[in-house]
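In: Kindly generate the corresponding structure for this input.
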Amino acid sequence: MRLPVLLYIFVALSILVVFSSQPAYATTFTLSDQGSCQAAPFSGTWTVSTSTCKVAGFDISGGDFIVINSGITLDNVGTITNSGFFDTHMDATITNNGVINNEGPPTNIPHGTISFFITINNNIGATIINSGKIDQDAAFTNDGSITNTGIIFDAGSGIINTGTITNTGTMTLDVHTINTGTIINSGTINVDDGTVNNSGGTITNNLGGTIIFCCDTHNSGTITNNVGGTINHGTINNDCGGIFTNLGTYTGSVTNVCSPTIVQSANGAGPVGFSTNAGTLSGLVAISQSSLSPPPPAGTYPFDFFSWTITGLFPGQTVTLTITYPSPPGNNYVKLIGGTWNPIPVSVSGNVVTLTVTDGGLGDADQTVNGQISDPGGIGTLSVPTNTGTAVGGKILPIDMTSLFVAGISTNAFWMMPTLGGIAGAAMVLFKVKRKHEANLS
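Out: Prediction:
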């Protein structure tokens, strides 16, 4: 009789352990209305007519999340900081779906400041207006709009911009910046110790604007230095598709590196050229068909296979790879993904093959969203149809009918058992009827 009691005690202790193991700092605060504005951690003043919460700064603990809903404005005139970083060693996170107005100018006391290990995600349709200071030690992702007339200092994990940044203030970039969106500058952008990868984006430096590049800048988009603009130092590497137009003052150098990287095929059938419209192509190696395991689908591969990696992308970016062969190579491109050969859609025009691949998705051999795309693959003419696989969550998985059948049984076990039971019962009734009928005839 004691066993159930002991069992209840064990379950209760297990639940207590599970809940006590949850981090106390994992708290999400959503700014959505007057009540949330006046509550901690904001403790702000609410203006009904503009749905604005005005705060004099607040503390965020490491691991906490601040979410600003669409249609809501956070007006900050104090300091927003991650006071618990040294206790948790974790970044806090601000996700903006509305408007953040960080008031300034920085010479005012007090002025708006966002600093100290706070990750900022400015989502599509959201806006950050900064006339104060954003001192960034963590990741900064902009898919919306940033207007800066104050100071932005980024020494964290870099800025990834797919939206629009308009700068008339000062931006100092100490780490890697990836731009696939638009940057418009008439203030100062100082790329102090970092690098800029303008990966298909647009950078425009207007009258009165100054951009100081310390190091190499990769450009596969458009960089325009207009009349009255100044770009100092550094080297702009125009990758394939990159355009640099200088109408102002430029004291650096420009290198056109759009010419394809050429590698001799492993079977000696001729040189093959590779070029990408974004990122940097590296690790290009010719591979013989006989060395691949598992072997590729049966067919003819006139130039064997190649392995390559495209780096310097923002997570999830899609790029176009152009491969130029000495002669038409065939129409069937296959890639080794997760130990399985899979066909990948390509465009073939004579001896030129265009391959569109996405980081972590279709065409990326490592199937990981990590800012790079890798590939062992090749093109030819297949002798038998290939297993085309099925797309699941951006990944190609081979169709396994056994697994599909087992999964179906597992998913529908509730209905499967009564159904099988009904079929068996019906079979038994028919068998008995048949026996009775045969007995009557005899």
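
In: Going by C-alpha atoms from here, please, whenever you check contacts or count neighbours.
Out: Fine.

In: Tell me what residue 60 is bridged to.
Out: Residue 60 has these beta-bridge partners by DSSP bridges: residue 82.

In: Relative to residue 66, how far out is it?
Out: 8 Å (CA to CA, to the nearest Å).

In: strands paired with the helix or strand where residue 93 lies, and their directions?
Out: Per DSSP states H and E: residue 93 is located in strand 92-96. Using DSSP bridges, the strands paired with strand 92-96 are strand 65-68 (parallel), strand 118-122 (parallel).

In: what does the helix or strand just after it rub up against?
Out: Once strand 92-96 ends, the next helix or strand along the chain (criterion: DSSP H and E) is strand 99-102. With contact meaning CA atoms under 8 Å, 6 or more residues apart in numbering, strand 99-102 is reached by 68, 70-77, 111-114, 126-133.

In: Following the chain onward from strand 99-102, which element is next?
Out: strand 113-115.

In: which strands and helices sit next to that following strand?
Out: Packing contacts for strand 113-115, counted by 3 or more CA pairs under 8 Å, 6 or more residues apart in numbering; DSSP states H and E, involve strand 73-82, strand 133-136.

In: Is it possible to get a markdown table of those that adds mean pLDDT, mean neighbour count and distance to residue 373?
Out: Conversion of those to a markdown table gives the following (pLDDT from 0 to 100; neighbours: other CA atoms under 10 Å; distance: least, CA to CA, whole Å):
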| stretch | mean pLDDT | mean neighbour count | distance to residue 373 |
| --- | --- | --- | --- |
| strand 73-82 | 93 | 23 | 34 |
| strand 133-136 | 90 | 23 | 28 |
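
In: Is it possible to get a markdown table of those strands that adds distance to residue 164?
Out: Shown next, in a markdown table, are these (distance: least, CA to CA, whole Å):
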| stretch | distance to residue 164 |
| --- | --- |
| strand 73-82 | 19 |
| strand 133-136 | 17 |
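
In: Let me know which of these is the nearest to residue 93.
Out: Taking CA to CA, strand 73-82 is the member of these nearest to residue 93, at 9.2 Å.

In: what comes into contact with that closest one?
Out: By CA under 8 Å, 6+ apart, strand 73-82 touches 50-62, 68, 91-92, 98-104, 110-118.

In: which among those end up buried?
Out: For the contacts of strand 73-82, a neighbour count by 16 or more other CA atoms under 10 Å gives the buried set as 51-58, 60-62, 68, 91-92, 98-104, 111-118.

In: In three-state terms, how would residue 365 be classified?
Out: Here residue 365 is recorded as coil under DSSP: H, G, I helix; E, B strand; the rest coil.

In: distance of residue 339 from residue 366?
Out: Separation of residue 339 from residue 366 (CA to CA): 11 Å.

In: more neighbours, these two?
Out: Neighbour comparison, residue 339 and residue 366: the larger count goes to residue 366, with 17 against 10 (by other CA atoms under 10 Å).

In: Excluding chain neighbours, what is closest to the more buried one?
Out: Once flanking residues are discounted, residue 366 sits nearest to residue 374: 6.3 Å by CA to CA, 6 or more residues apart in numbering.

In: how about the one you found, what does it touch?
Out: Contact analysis of residue 374 by CA under 8 Å, 6+ apart lists 307, 308, 309, 310, 364, 365, 366.

In: Which strand or helix spans the spatially most central residue of the chain?
Out: The residue lying closest to the centre of the chain (CA atoms, centre = their mean) is residue 315, at 2.7 Å. In the assignment (DSSP H and E), residue 315 maps to no helix and no strand.

In: hang on, it packs against residue 373?
Out: No. In this structure, residue 315 is not within contact of residue 373 by CA atoms under 8 Å, at 9.9 Å.

In: and for these two, which residues touch both?
Out: residue 359.

In: hang on, the earlier thing: what pLDDT is listed against the residue nearest to residue 366?
Out: pLDDT, residue 374: 85.

In: Name the helix or strand for it, please.
Out: Assigned by DSSP H and E, residue 374 falls within strand 373-382.

In: Can you list the strands that that strand pairs with?
Out: Strand 373-382 has its sheet partners listed here by DSSP bridges as strand 299-300 (antiparallel), strand 305-311 (antiparallel), strand 332-337 (antiparallel).

In: which sections of the stretch 151-300 of the chain are below the confidence cut-off?
Out: In the predicted model of the stretch 151-300 of the chain, residues 240-241, 257-259 satisfy pLDDT under 70.

In: residue ranges for the helices of it, please.
Out: Per DSSP state H, counting those that start in this stretch, the stretch 151-300 of the chain has no helices. Nothing in it meets that criterion.

In: still on that earlier bit, quick check: chain neighbours aside, which residue is closest to the residue nearest to the centre of the chain?
Out: residue 371 (4.4 Å).

In: Lovely, talk soon.
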